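Peer 1: Sequence first, then the predicted structure, then my questions.
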Amino acid sequence: MTRITKLLMTVGLMLTATLAVAHPGEAGHTHSGFLSGLLHPILGIDHLLAMAAIGFWSVRQNQIMKKATPLFVVGGMVLGAAIAWGGVSLAGVETGIAMSVLLAGVLIATMAKLPTVVGGALVALFMVTHGYAHGTEMAAGASLMAYMAGFVVATLAITFVGRGLGALMLKADNRVTRALGGVVAVVGGVLAAG
């Protein structure tokens, strides 16, 4: 194993120590409104990795997909939250979230290039589960618009950080990118295993 591969694996394993901090099944956050919405995607390793990995992956896609990925991410998040706020039950949310991390890692590791329709639908579908988790965990009495604004801002920021890292990695050896994708996929697998 190369030194960079060992480092990436170590980071990935360390990240799994905070499994699903954003939605452990407890009632709501202690914060409300914008701050709660802002913190939710940042505090959950699963949310953080999925959004950053999708941003990272999008850099190698066609121009339309590159530009549209943030819209697919936010659109899926808002749709998922709206489903939760509408009182509709969505089965397998935690599994869907973990699988989105795993599959985003696989997309990076394989350097898969997808048509815009397929890639956009996949990204939006991934994010529906994340948005649903955000929606179900909004603190009672919190402002819906402020909470949504918070998680949209955080989601975009994380996605763009992932894109920035992906752009930097375009110049690196592809093995490093593949190893990073592998680490993300392993973390997703650990999350899925529970």
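Peer 2: All right, it came through fine. Numbers count the residues shown, from 1 in each chain.

Peer 1: Give me the most central residue, the protein.
Peer 2: In the chain, the centroid-proximal residue (C-alpha atoms, centre = their mean) is residue 50; its distance is 2.3 Å.

Peer 1: elements contacting the one helix or strand it maps to?
Peer 2: Here residue 50 sits within helix 45-58, counting by DSSP states H and E. If you count contacts as 3 or more C-beta pairs under 8 Å, 6 or more residues apart in numbering; DSSP states H and E, helix 45-58 packs onto helix 33-43, helix 63-85, helix 93-110, helix 116-136, helix 144-169, helix 174-193. Just so you know, the C-beta spots here come from the backbone N, C-alpha and C atoms, and that holds for glycine as well.

Peer 1: So which of those helices is nearest residue 57?
Peer 2: Comparison of these against residue 57 by C-beta to C-beta identifies helix 93-110 as nearest, at 4.8 Å.

Peer 1: so what's residue 60 up against?
Peer 2: 111, 113, 166, 170 (C-beta atoms under 8 Å, 6 or more residues apart in numbering).

Peer 1: In ChimeraX, select just the buried ones from those residues.
Peer 2: Applying 16 or more other C-beta atoms under 10 Å to the contacts of residue 60, the buried members can be selected in ChimeraX as follows:
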select :166
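
Peer 1: could you point out where the protein is predicted with low confidence?
Peer 2: For the chain, applying pLDDT under 70 flags the ranges 1-32.

Peer 1: let's see it at 50
Peer 2: Along the chain, the model assigns pLDDT under 50 to residues 7-8, 10-11, 13-30.

Peer 1: That concludes my questions; thank you for your assistance.
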